[in-house]
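J.: Structure here, sequence nowhere to be found:
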């Protein structure tokens, strides 16, 4: 039985696996025994990754909406329609009326050509992916924040750390490859500190559990820094101001803001200050919070003095939910960067790409994925699902429904395809050559193990066919040819070839963008100005609204993914049973007993702006005074916690709010 080396298509850990092929079909997967991340193991998602290709819900023919129904059509008719409508809308309303969304699950090669299609095929910088919400968009990519993802930590840092802080992450659920290393570290005696509203499975191994009130994470970080910086033998001059900034943020003050006992804050701060190689692990459960930048900016500041080993510790390990979110950003699926993080505003960068691509790069700034909805008339979506990613699905649904043209390229039906005028069937990770770049910047090859089903095609081929119809031919014989162009234009990928990747079974590390001395200085200034004490306080409760309602981005998260729902075994494992008719609310068992509520009880939750219904689920490990909803229930939550915009970036967020709970009358 042939075994084809590939990469897991789910989370950003980038585990290597083998696809088992028989009779022209992928029938299973097996772990790569020598892979530096997988190390001979796979989680439940990896063991069933082949189901992404064999899903009974696979799209196999192009579809065009006629009246209310999507009906099969030919590739020629579908692409002619798409190209004709795009050109017509562009001529009538300008290139700014067209938007393009790429994918954190498609390959680098697919995303690179999509960035090229947007900029020279359509003449717009409206190119993004809504999955970028989880990567602190507008913050990670600004000079004063780029240090938050570099030099960064690889997953192997979990084997070196002498203190691990899990900040709003349950790796057992979302990133099992990392969780296995954390478990082994705990067995070696490495202390684990868990910062979470709802203690996860890893909490059983935690030496300390800190449960701050929603909206108060920055205060907790400040309290830890107050103690940790006091323990430093000396500080570099440029960071003495940072220590002074936190000098009055005592554990007692942090307790008043967070609800975490001062003694626990002091103990965790001493552990952080004493550790030589501390590692902070975080995921989208933190980055989708309004205070995330301040938390990470403060914690990463310790790296800029002579604290610890002097070898870049403490380190921050960001674990993405998506297999290729890092790669999509690298490939320029960002409205203000060309591939390789070359600023769109840089005339030399535009000239370089204009010469290589045979057309001038537009100078007008682009819109983010969430800004496009409601602002453009046509949207070309490749493997993205704005209805599944954005915090206001109802608003996104209305915006998609108002488009003159919505084109979706995907492998299975998703909420977004339901509104599409044209649906084009793409290839899964098992059916095309290409590369993924993991959260730790590990670049690895995917290899086509089988052909796409029916008339489905690799996305890069679809883009080439469409671009030719738009009057901008793209000629590539293979995905390897596309990577050769990436290597010639995007500095982090310089010298990368498929041959080099084939010679390195564990992949190659792509160097992240460099941080200049000027940027480091801006980081220091930013850290000085962004004190937790200056942040908006956590939601205020009172007798009328005694609870805080918040969204938990890790709670039952995989059960709403289209690639999970389209896979028989994975759906059974990760989304068992039918979706509940009402939103499921986690409540502390102690709070429920005190208030007279029982497990499964239907309740009405009221805030100062509205109300919603839900069913209670009692939890022994949830922080008292808190109600949690999974992110998949955010449409119901919007009635009580309307979306707001992050003041610095304009990113839409659903912020915690004070609520009351009432029995259904």
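T.: Everything's here; your move. Every value quoted in this text rests on a predicted model; they were computed, and no experiment measured them.
J.: Show me which residues of stretch 167-184 are buried.
T.: Buried residues in stretch 167-184, counted by 16 or more other CB atoms under 10 Å: 167-183. C-beta coordinates here come from the backbone N, C-alpha and C atoms, glycine included.
J.: Can you list the low-confidence ranges for the protein?
T.: For the chain, residues meeting the criterion pLDDT under 70 lie at 1, 136-152, 232-242, 301-312, 512-538, 559, 575-582, 647-649.
J.: pull the longest strand from it.
T.: Ranked by residue count and defined by DSSP state E, the top strand of the chain is strand 611-619.
J.: what packs against the following helix or strand past it?
T.: Sequence-wise, the next helix or strand downstream of strand 611-619 (DSSP states H and E) is strand 626-630. Strand 626-630 makes packing contacts with strand 547-552, strand 583-588 when contacts are defined by 3 or more CB pairs under 8 Å, 6 or more residues apart in numbering; DSSP states H and E.
J.: before we move on, back to that, just the buried residues of stretch 167-184: which are in strands?
T.: Members of the buried residues of stretch 167-184 lying in strands (criterion: DSSP E): residue 167.
J.: about what we covered before: quick one: work out the angle between the longest strand of the chain and strand 626-630.
T.: With axes from the mean of the first three to the mean of the last three CA atoms, to 10 degrees applied, the angle from strand 611-619 to strand 626-630 works out at 100 degrees.
J.: May I see the domains of the protein written out as residue ranges?
T.: Using automatic domain parsing, the domain parsing of the chain gives 3-54, 84-135+323-506, 152-311, 547-663.
J.: would you list every one of the strands in the stretch 301-450 of the chain?
T.: 315-318, 337-338, 342-343, 378-382, 405-410, 422-425, 434-437, 442-446 (DSSP state E, counting those that start in this stretch).
J.: if we compare the ones you listed, which one ends up closest to residue 360?
T.: strand 337-338 (12.7 Å; CB to CB).
J.: who's in contact with that closest one?
T.: 115, 119, 141, 329, 332, 343, 344, 349, 350, 353, 361 (CB atoms under 8 Å, 6 or more residues apart in numbering).
J.: Now tabulate those residues in CSV and tack on neighbour count and distance to residue 229.
T.: Below are the contacts of strand 337-338 laid out as CSV (neighbours: other CB atoms under 10 Å; distance: CB to CB, whole Å):
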residue, neighbour count, distance to residue 229
115, 24, 42
119, 29, 45
141, 20, 28
329, 26, 32
332, 29, 38
343, 14, 34
344, 22, 38
349, 19, 39
350, 19, 43
353, 24, 44
361, 20, 45
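J.: Just name the most buried of the strands of the stretch 301-450 of the chain.
T.: Mean neighbour count, computed with mean count of other CB atoms under 10 Å, is highest for strand 434-437 among the strands of the stretch 301-450 of the chain, reaching a mean of 29.
J.: helices or strands next to that strand in the packing?
T.: Using 3+ CB pairs under 8 Å, 6+ apart: strand 434-437 touches helix 108-116, helix 325-330, strand 442-446, helix 479-489.
J.: What is the neighbour count of residue 609?
T.: By other CB atoms under 10 Å, 10 other residues sit near residue 609.
J.: Assign a three-state SS to it, would you?
T.: Counting by DSSP: H, G, I helix; E, B strand; the rest coil, the backbone at residue 609 sits in coil.
J.: Could I get the helices and strands packed on strand 434-437 in TSV, plus columns for distance to residue 546?
T.: Output for the helices and strands packed on strand 434-437, formatted as TSV (distance: least, CB to CB, whole Å):
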stretch	distance to residue 546
helix 108-116	47
helix 325-330	38
strand 442-446	47
helix 479-489	54
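J.: Tell me which of the ones you listed lies nearest to residue 287.
T.: helix 325-330 (11.1 Å).
J.: List of residues touching that closest one?
T.: Here helix 325-330 has contacts from 12, 102-104, 106-108, 111, 129, 131-132, 134-135, 141, 320, 337, 339-341, 435-439, 441, 443, 490, 492-493, 510, using CB under 8 Å, 6+ apart.
J.: for stretch 155-163, same thing?
T.: Taking CB under 8 Å, 6+ apart as the rule, stretch 155-163 contacts 13, 36-37, 164, 177-178, 181-182, 184-185, 190-191, 193, 271-272, 275-279, 281, 315, 317, 440.
J.: what comes up buried for it?
T.: Buried, per 16+ other CB under 10 Å, within stretch 155-163: 155, 157, 158, 160, 161, 162, 163.
J.: Show the contacting residues for the nearest residue to residue 111 once chain neighbours are set aside.
T.: Nearest non-adjacent residue to residue 111, counting by CB to CB, 6 or more residues apart in numbering: residue 331, 4.0 Å away. By CB under 8 Å, 6+ apart, the residues touching residue 331 are 102, 108, 111, 112, 114, 115, 339, 486, 490.
J.: Got phi/psi on residue 198?
T.: Main-chain dihedrals, residue 198, degrees, to the nearest 10: phi -120, psi 110.
J.: Residue 623 is in contact with that one, correct?
T.: Yes: Residue 198 is in contact with residue 623 according to CB atoms under 8 Å; the separation is 7.3 Å.
J.: do you know how far the residue nearest the centre of the chain is from residue 411?
T.: By CA atoms, centre = their mean, the chain has its centre lying nearest to residue 134, at 3.7 Å. According to CB to CB, to the nearest Å, residue 134 stands 21 Å off from residue 411.
J.: Right, I'll call it a day here.
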